[in-house]
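Need coordinates for the following:
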Amino acid sequence: MSMYYNIGDKIVYPMHGAGIIEAIEEKEILGVKRKYYIMKMPLDDMRVMIPLDTIDGIGIRQVITQEEVQQVIQVLEADETNMPQNWNRRYRANMDRLKTGDIFEVAEVVKNLVLRDREKSLSTGERKILNNARQILLSEIILATDMSEEEVLATMERAIK
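Residues are numbered from 1 along each chain as shown. Sure, this is the predicted structure:
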């Protein structure tokens with residue numbers, strides 16, 4: 001069942017984060033005409049083009065509710081979950097979690113990597129994953145709560161002990 005969104009809808013694009021559909025435009029790229037959602041992200045005023053004909057396969061969904069934000073904070077407050085010791089396996093496991101587009105999985109990645117970083121600093125690859133996951137989490141919580149980037153960052157910091 002296809003789910004279509006309208007201008008003004010707040011959606012999450014897995015691996016990228018959350019944004020607001022600003023426009024639906026037809027563009028010709030490499031000789032192919034397609035319709036695109038133009039999504040404006042709350043961070044850095046960035047815009048992402050999402051082809052309408054791919055949205056079923058990529059797991060786009062609506063932004064979480066206020067109640068779900070509280071559950072995300074609880075995930076951040078919980079203890080570290082077991083991660084593979086082997087960094088390669090851990091990297092893959094974390095990437096797979098991000099690809100799901102599930103905010104609770106993304107929150108797990110953020111929490112685990114922040115705690116790990118405090119213990120012993122992260123490799124460049126893992127730091128990239130952490131930064132990406134943090135941006136994804138940040139963008140969605142900003143849109144779900146209308147808090148500022150600073151407020152959300154402070155809330156996330158406080159939650160991870």
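
Please report the distance of the residue of the chain most remote from its centre from L52.
Of all residues in the chain, G31 has its C-alpha farthest from the mean position, at 31.2 Å, by CA atoms, centre = their mean. As for G31, its distance to L52 is 18 Å (criterion: CB to CB, to the nearest Å). Yep, even glycine has a C-beta here, placed from its N, CA and C like the rest.

now do F104
Distance from F104 to L52, by CB to CB: 27 Å.

likewise L153?
Counting by CB to CB - L153 and L52 are separated by 33 Å.

now V114: how far from L143?
22 Å.

what's the answer for M156, then?
M156 is 15 Å from L143, by CB to CB.

immediately after the longest strand belonging to the chain, which helix or strand?
Determined from DSSP state E, the single longest strand within the chain is strand 17-29. Moving toward the C-terminus from strand 17-29, the next helix or strand (DSSP states H and E) is strand 32-40.

So for that next one, mean pLDDT?
Strand 32-40 shows a mean pLDDT of 95.

Kindly report the same for stretch 72-87.
Stretch 72-87 comes out at a mean pLDDT of 90.

Start and end of that stretch, how far apart?
25 Å (CA to CA, to the nearest Å).

Identify each buried residue in it, please.
72-73, 75-76, 83 (16 or more other CB atoms under 10 Å).
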